[in-house]
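S.K.: Take this sequence and fold it.
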Amino acid sequence: MTEPSGSRNPGADPATRGKTTIADGVVVKIAGMAAREVDGVHALGGGLARTVGAVRDRVPGGRASVTRGVKVEVGERQSAIDLELVVEYGVPIADLAGDVRENVIEAVERMTGLEVVEVNIAVDDVHLPEEEDEETPEGRVR
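M.R.: Numbering: from 1, shown residues only. Model (predicted):
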């Protein structure tokens with residue numbers, strides 16, 4: 001009995017036996033989670049995105065979106081990431097941006113195998129200690 005063409009080839013590298021594609025949404029989620037892990041990041045997303053997101057989060061069954069404030073471009077072997085951050089007051093922004101960049105690159109490259117060619121960070125706001133946290137809805141009844 002002969003082996004069918006394309007079946008077991010013990011000498012072939014397993015990496016050459018098919019194609020793996022990674023959706024943009026996968027990279028968005030990984031980058032969003034990695035950015036939020038860094039101390040000093042209050043939230044992700046610009047003003048309008050956070051406002052719309054806060055309203056959506058208050059709808060019963062809604063929850064905070066990990067993808068808010070994250071945009072990516074994903075190719076076959078590389079990705080580029082854009083982040084919009086709100087930082088905590090008092091945190092050195094240049095240091096925070098470096099920490100976020102490092103954490104995002106490490107997470108995306110480790111989990112996907114894609115080379116991250118750039119992580120662009122836009123700091124859209126500073127969260128002041130006395131500001132009400134828009135992520136926490138206040139009840140009408142006490």
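S.K.: make it CA atoms for all contacts and neighbour counts henceforth
M.R.: Will do.
S.K.: Counting by contacts, list what the longest helix along the chain packs against.
M.R.: What stands out as the longest helix in the chain, according to DSSP state H, is helix 93-112. Identification of packing neighbours for helix 93-112 by 3 or more C-alpha pairs under 8 Å, 6 or more residues apart in numbering; DSSP states H and E yields helix 24-36, strand 115-127.
S.K.: again, only using 6 Å
M.R.: For helix 93-112, the packing partners by 3 or more C-alpha pairs under 6 Å, 6 or more residues apart in numbering; DSSP states H and E come out as helix 24-36.
S.K.: re earlier: what's the angle from the longest helix of the chain to strand 115-127?
M.R.: For the pair helix 93-112 and strand 115-127, the angle between their directions (axes from the mean of the first three to the mean of the last three C-alpha atoms, to 10 degrees) equals 140 degrees.
S.K.: Now helix 93-112: buried residues?
M.R.: Along helix 93-112, these residues count as buried under the neighbour rule (16 or more other C-alpha atoms under 10 Å): 93, 96-97, 99-101, 103-105, 107-109, 112.
S.K.: Contacts made by that helix with the rest, please.
M.R.: 31, 34-35, 115, 119 (C-alpha atoms under 6 Å, 6 or more residues apart in numbering).
S.K.: go again using 7 Å as the cut-off
M.R.: Contacting residues not belonging to helix 93-112 are listed as 27, 30-31, 34-35, 38, 40, 115-116, 119, 121 [C-alpha atoms under 7 Å, 6 or more residues apart in numbering].
S.K.: Equivalent analysis for stretch 37-46, please.
M.R.: For stretch 37-46, the external contacting residues (C-alpha under 7 Å, 6+ apart) are 68-69, 84-88, 91, 96, 99-100, 124, 127.
S.K.: I'm done for today, thanks for sticking with me.
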